[in-house]
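**Student:** Build me a structure from this.
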Amino acid sequence: MADDAKAPGNRRERRAAAKSSSQPIAPPTKTPNIKMAHPDRSGPKGKTLLDLYDEKKDLLSQGQPFDPKHLDGAVRDEGGNILTAGLGSPDDEPIGVFGQAVFWSYRQEIVWGPIWKRTFTVLPVLWLLVYLTRSELARRWQIARQVFFLGVAVAAGCYTIHVGNNFAYYAVMKQAPPLGTLWVWSVIEMQLPYAAASVVPVVAYLYFNGYAVF
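**Tutor:** All right, here's what the predicted structure looks like:
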């Protein structure tokens, strides 16, 4: 109760109590409390941004250093060998599509088990071919690489036509999806002149043997 009696009651008393208990503010002076000193005019102690720019400019004018193995001018992938081998993954799609076409051609119900089995059996071989044909050694011999694809395309195309016309039963037609995929992949990997040239022997083989496409 004694504390309540001593406490200020109204606003005026509270203001008077706060004013009496607060510390007085020092009057402003002309002399600041911050220590005054002259700036250091001796110059920078290290490299400035302009110095760093001049150094980088000199390095850029000399040319960026490259690995000596890249001096041949061959075009290389930036993804690495593992990603290059992974480019064979889309090859399983035409194998599956061609496998379905074989079932459709015989008016049979599609059985996915054999299709997936053949797909995963052939896929490692295609991965290996993609890896080998996209290696640095293969890209150094561009003409030999294109001739290889040309031979594979002609052989796969002619044999696919031969199988489809002479052995038109299901046991042999199961060879068509891998061969057709190999044919399409070889044509895609070739440059346009070689791809166009690969069509000529296949069409000639089809025409002179009296085979039909459908």
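**Student:** Only C-alpha atoms from now on, for both contacts and neighbour counts.
**Tutor:** Fine.
**Student:** Quick one: name whatever helix or strand follows the helix or strand hosting Leu129.
**Tutor:** Element membership of Leu129 [criterion: DSSP states H and E] is helix 112-133. Sequence-wise, the next helix or strand downstream of helix 112-133 (DSSP H and E) is helix 136-140.
**Student:** in that following helix, what's buried?
**Tutor:** By 16 or more other CA atoms under 10 Å, the buried positions in helix 136-140 come out as 136, 139.
**Student:** before we move on, the earlier item: may I see the buried residues of the helix holding Leu129?
**Tutor:** 115, 118-119, 122-123, 126-127, 130-133.
**Student:** Also stretch 148-162?
**Tutor:** 149-150, 152-162.
**Student:** Please apply the same query to stretch 186-202.
**Tutor:** 186-187, 189-190, 194-195, 198-199, 202.
**Student:** Out of those residues, which sit inside helices?
**Tutor:** Judged by DSSP state H, the buried residues of stretch 186-202 include 186-187, 189, 194-195, 198-199, 202 as members of helices.
**Student:** For the longest helix along the chain, name the packing helices and strands.
**Tutor:** Assignment by DSSP H gives helix 142-166 as the longest helix of the chain. Identification of packing neighbours for helix 142-166 by 3 or more CA pairs under 8 Å, 6 or more residues apart in numbering; DSSP states H and E yields helix 170-173, helix 176-189, helix 192-208.
**Student:** hmm, back to that, could you tell me the angle between the helix holding Leu129 and helix 176-189?
**Tutor:** 30 degrees (axes from the mean of the first three to the mean of the last three CA atoms, to 10 degrees).
**Student:** CA atoms of helix 112-133 as CSV?
**Tutor:** Taking Å, rounded to 0.1, in the frame of the first residue of the first chain, the C-alpha atoms of helix 112-133 are listed here in CSV:
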residue,chain,number,x,y,z
TRP,A,112,4.2,-57.6,-74.4
GLY,A,113,6.4,-60.2,-72.7
PRO,A,114,8.4,-61.2,-75.9
ILE,A,115,8.5,-57.6,-77.1
TRP,A,116,10.2,-56.4,-73.9
LYS,A,117,12.5,-59.4,-73.8
ARG,A,118,13.8,-58.7,-77.3
THR,A,119,14.1,-55.0,-76.6
PHE,A,120,16.2,-55.4,-73.5
THR,A,121,18.3,-58.1,-75.3
VAL,A,122,19.2,-55.9,-78.2
LEU,A,123,19.5,-52.7,-76.3
PRO,A,124,23.0,-53.4,-74.7
VAL,A,125,24.3,-54.1,-78.2
LEU,A,126,23.0,-50.7,-79.5
TRP,A,127,24.4,-48.9,-76.4
LEU,A,128,27.8,-50.4,-77.2
LEU,A,129,27.6,-49.4,-80.9
VAL,A,130,26.6,-45.9,-79.9
TYR,A,131,29.4,-45.6,-77.5
LEU,A,132,32.0,-46.9,-79.9
THR,A,133,30.9,-44.8,-82.9
